[in-house]
Each structure stands twice: as C-alpha cells, then as structure tokens.
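> I would like to see how this sequence folds:
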Amino acid sequence: MSENNLKGLFNAFSNYVSLAQKAKGDSSTIEAKKNVNIEKFLTGFYSFDIFCYAIIDVTDLKILKFGGATQQLTGYDPDYFEGKSYYKFLKLHSVKDLLKSLVGGSKYFNYLYSQKKEKRPFIKSNRTIDLYKKNGDKIHVMVQNIPILFNSKMEVILFLIICTDISSLNPKADFTHYIIDTSDPLEVKKINLSSQKEQEIESITPSMAEKKVLIHLSEGLSSKQIADKLFLSEHTIKNHRKNMLKKYNCSSSSALIRKALLNGWI
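Numbers count the residues shown, from 1 in each chain. Prediction:
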C-alpha cells in the first residue's frame, strides 16, 4: 500500500472513529458496560444463510464476541478476533471497500445523531461487500450493523454485526451501503449512503491517460515528475489534473486520489 493510500485510509478511519466514539468516557456509558448481558443479544436474531456474528464496542474499538460459522465463513477461529482490536477486520476486505465502508459509516453516524433519541435503536446500516477468507478465496456477503446498547444520552456503545454469505443468491457482486430506518414501522426508510451525484460520478471511468496520471499522483509525484515519466509536457499533465478535478467534483488532488481509490480506478 502506497503512502497516499495509507494516508487516505487513516484519514477516513479517523473521521469514522470521531463519530463512532461519541459515547466514550461518559459515566452512563461506563455503567451500561458494567451491567450489560451480551448473551441476551444473541437470542433474538436469525439469518437466511451461512453467517457469523460479532459484538463490537465502538467506544473502545474492540471485538467483544465473535461467533457463528466463523471458520466456515472466514477461515479464522473465533479467538483470532475475539477480544482483539477492530483493526483485525481489515484483513477481510480490500482497501477500496474499507474506504467506502468508513465514509459510509461516518454518514450513518451523522444521520443517526440527527434523529430523535427514541428513534435511534431502530436505525441500522447494511452493506454488501466482498470478503476475503484466510485462504484467499473471495465470497460476497451482507453485513448488518445493528446498534444494541446505548448510554443515557442515547449514544451507541455496542453494535451487533451479522455477516451472511449471499454468494449462493447470485447477486451482482457490487459494494452497496445503506441505512435501514424502521423507527416508523408503517414507513421503513432505505437511505443510500452514496448520493445520486456521487453514483453518477463513479460511473464515469477515467481514460487510460487519466489513470496513468492518477497512479503517479497517488505516489506523491509532482506534475513535472509525472510529465518526465510519461514523456509529456508539464502543461499537459496540469491540464489533466485540472480537468479531472472538475469532472469528478473534487476540490483538491488529495480528494481526487481518494475518489480514485474508492472507485478502484487505481
């Protein structure tokens, strides 16, 4: 992973964590964690195919419990994840999908905390995403993130994550990320975490010349250095950069590189 790719992942993760850890340190959070009975959350859910589950403490970014068909679905024993940092999940997904997940996760928390407190327990997020098993095999899964424990301010402490293999359903193996808001049982809301404008931009694939420029930009090269590598004029490279900023609605080169990573252009 290049330095720019790593920086993009770090920035997205930092933004996600700042929202996810909203409940951290509050006295009611500490009290709720003392009295929680994790097992009760594992008796009221089911899945429609092979699945595993995790209970995550987002205030400490820690995996409290990992169970279900873990070996069958991921190739790892539960002990590999249980009691460990949230970072362990990084092994299961591509950098591109991780970036998308973090950006969508931040949007989820912004939506969650914009809603009335009594509605928050009914707001979850779903993703369909590729999962890479320990042996390198790839499957397509649905990941449901369900908030199950809150502090007195109705800030999330624990999530139940259910990961289901949907490969046998023969879905189009695309990354999707959306909110399911069931706070009004008569009108369930499904909110796509990518705006229509973002989806339209994602559908515009860079030209081969643009991709070459993007690759070198992600390596931290200047316009002059890229020009020398591609045997082009510096003016041509600057034009490519200017056109791509406008074409992909980006305010800076770092934003352009991040979008390129998110969409798998480089």
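
> help me confirm that residue 145 is found in a helix?
No. Residue 145 sits outside any helix when classified using DSSP: H, G, I helix; E, B strand; the rest coil, being strand.

> so what's it bridging to?
residue 125, residue 161 (DSSP bridges).

> kindly report the same for residue 66.
Residue 66 has these beta-bridge partners by DSSP bridges: residue 54.

> ranges for the strands of the stretch 101-250 of the chain?
Listed in chain order, the strands of the stretch 101-250 of the chain (DSSP state E, counting those that start in this stretch) span 123-132, 138-150, 156-165, 176-181, 189-192.

> could you check the pLDDT of residue 39?
If you check residue 39, the pLDDT there is 81.

> that one: how many residues sit nearby?
Number of residues near residue 39 (other CB atoms under 10 Å) recorded here: 9. (Glycine included, C-beta is placed from N, CA and C.)

> where does it land in three-state SS?
Here residue 39 is recorded as helix under three-state DSSP.

> any idea how far it lies from residue 258?
As judged by CB to CB, to the nearest Å, residue 39 and residue 258 stand 41 Å apart.

> ok, for the spatially most central residue of the chain, nearest residue in space, not its chain neighbours?
Nearest to the mean C-alpha position of the chain, counting by CA atoms, centre = their mean, stands residue 101 at 1.2 Å. Distances taken as CB to CB, 6 or more residues apart in numbering put residue 127 closest to residue 101, at 6.3 Å, once the chain neighbours are dropped.

> hmm, that neighbour is touching residue 143, no?
Yes. With contact defined as CB atoms under 8 Å, residue 127 and residue 143 form a contacting pair (4.6 Å).

> who touches residue 167 in this structure?
139, 140, 141 (CB atoms under 8 Å, 6 or more residues apart in numbering).

> if we use 10 Å, what do you get?
49, 50, 130, 131, 138, 139, 140, 141, 173 (CB atoms under 10 Å, 6 or more residues apart in numbering).

> of the residues you listed, grab the buried ones for PyMOL.
Only the buried members of these enter the following PyMOL selection, criterion being 16 or more other CB atoms under 10 Å:
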select buried, resi 50+130+131+139+140+141
